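[1] build me a model:
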Amino acid sequence: MCGRFALTATPEDVAESLGLLETEGFPPRFNIAPTQPILVVIAGDRQQPGSNLPERRALLVRWGFTPSWVKDPRDFPLLINARAETAIGKASFKAAMRHRRILIPASGFYEWHRPPKESGEPSQAYWIRPKNGGIVAFAGLMETWSSADGSEVDTGAILTTRANTRIADIHERMPVVIKPEDFARWLDCKSQEPRDVADLMAPASDDYFEAIAVSDKVNKVANTGADLQIPVSVATRPASKLKEPPADRQLSLF
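    The predicted structure follows:
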């Protein structure tokens, strides 16, 4: 899963990386948590100048997906992640998979290695970022929930897939990463059906991310400083929980 991430790049870098014409200023955020606003990128209604591709625009949504048919969000679980393998068939996500796919820019994400309770070992937090730096784009889904009084809330979730060999040392799941050359295809919900983009929802290559052990300060939402990403020493690296790659690497979407 992905329960915390960070976006510390400048608005200008985000705009350039995601192909945005413009984006409003925002401060660096080192500890983005569920229910908080997150920056997402969607395909706009107008075409880019000199291109047949739609413009991309950024907006803020609440991290915690709420399907449109939910009557009271207080009675519905907080959906911060959607499993790529099953999202197309889930009542909560299937409409968004078809009509409202988004990109979620990030500088990286946090994950926790949690040893078996009987081991007596504490959990260890890791800051996981692109090895070559820069901005990563997570695959996401968006839905606008409307209340009985007519007010609307834009909400979103991050799609996750099975971890690659590197991340499996820490956790069995990881966010789906969309490569820049695939941004347009992922965001194109008019001509690209879910089955047409299923190949994009695969684990990132084993050498894409690096994992840095950090302190447990990230556990607390109130901690938001850059010191959350300062490396700490750990006695041993966790052993990989990934036994052997499955024989069939295709996604079981259908």
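
[2] in the stretch 101-250 of the chain, which spans are helices?
    Remark: helices assigned in the stretch 101-250 of the chain by DSSP state H, counting those that start in this stretch are 165-168, 183-187.

[3] can you check which helix is longest in this structure?
    helix 11-18 (DSSP state H).

[4] what's next to that helix, contact-wise?
    7, 9, 20-26, 39, 41, 56, 58, 103, 105, 134-135, 137, 180, 183 (Cβ atoms under 8 Å, 6 or more residues apart in numbering). C-beta coordinates here come from the backbone N, C-alpha and C atoms, glycine included.

[5] just the buried subset of those, written out for ChimeraX, thanks.
    Here is the ChimeraX command that picks out the buried ones among the contacts of helix 11-18, judged by 16 or more other Cβ atoms under 10 Å:
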select :7,9,20,23,39,41,56,58,103,105,135,137,183
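
[6] counting only strands, which of the contacts of helix 11-18 make the cut?
    Among the contacts of helix 11-18, DSSP state E puts 7, 39, 41, 56, 58, 103, 105, 137 in strands.

[7] the third one bridge partners, please.
    With DSSP bridges applied, residue 41 shows beta-bridge pairing to residue 58, residue 103.

[8] state the distance from it to residue 19.
    8 Å (Cβ to Cβ, to the nearest Å).

[9] overlap of the contact sets of those two?
    Taking Cβ under 8 Å, 6+ apart as the contact rule, residue 41 and residue 19 both touch residue 56.

[10] circling back: may I see the helices of the stretch 101-250 of the chain arranged in TSV, with mean pLDDT as well?
    Putting the helices of the stretch 101-250 of the chain into TSV (pLDDT from 0 to 100) gives the following:
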stretch	mean pLDDT
helix 165-168	95
helix 183-187	97
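
[11] tell me which of those sits nearest to residue 86.
    When these are compared by Cβ to Cβ, helix 183-187 sits nearest residue 86, at 18.2 Å.

[12] show me the one of the helices of the stretch 101-250 of the chain that comes nearest residue 226.
    Taking the helices of the stretch 101-250 of the chain one by one with Cβ to Cβ, helix 165-168 is closest: 23.2 Å.

[13] so which other helices or strands are in contact with the helix or strand bottoming out on mean pLDDT in the chain?
    Sorting the helices and strands of the chain by mean pLDDT, DSSP states H and E puts strand 37-47 at the bottom, at a mean of 88. Applying 3 or more Cβ pairs under 8 Å, 6 or more residues apart in numbering; DSSP states H and E, we find strand 37-47 packed against strand 54-63, strand 101-106, strand 136-146, helix 183-187.

[14] pipe those into TSV and attach distance to residue 114 per row.
    Formatted as TSV, the helices and strands packed on strand 37-47 follow (distance: least, Cβ to Cβ, whole Å):
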stretch	distance to residue 114
strand 54-63	22
strand 101-106	22
strand 136-146	22
helix 183-187	31
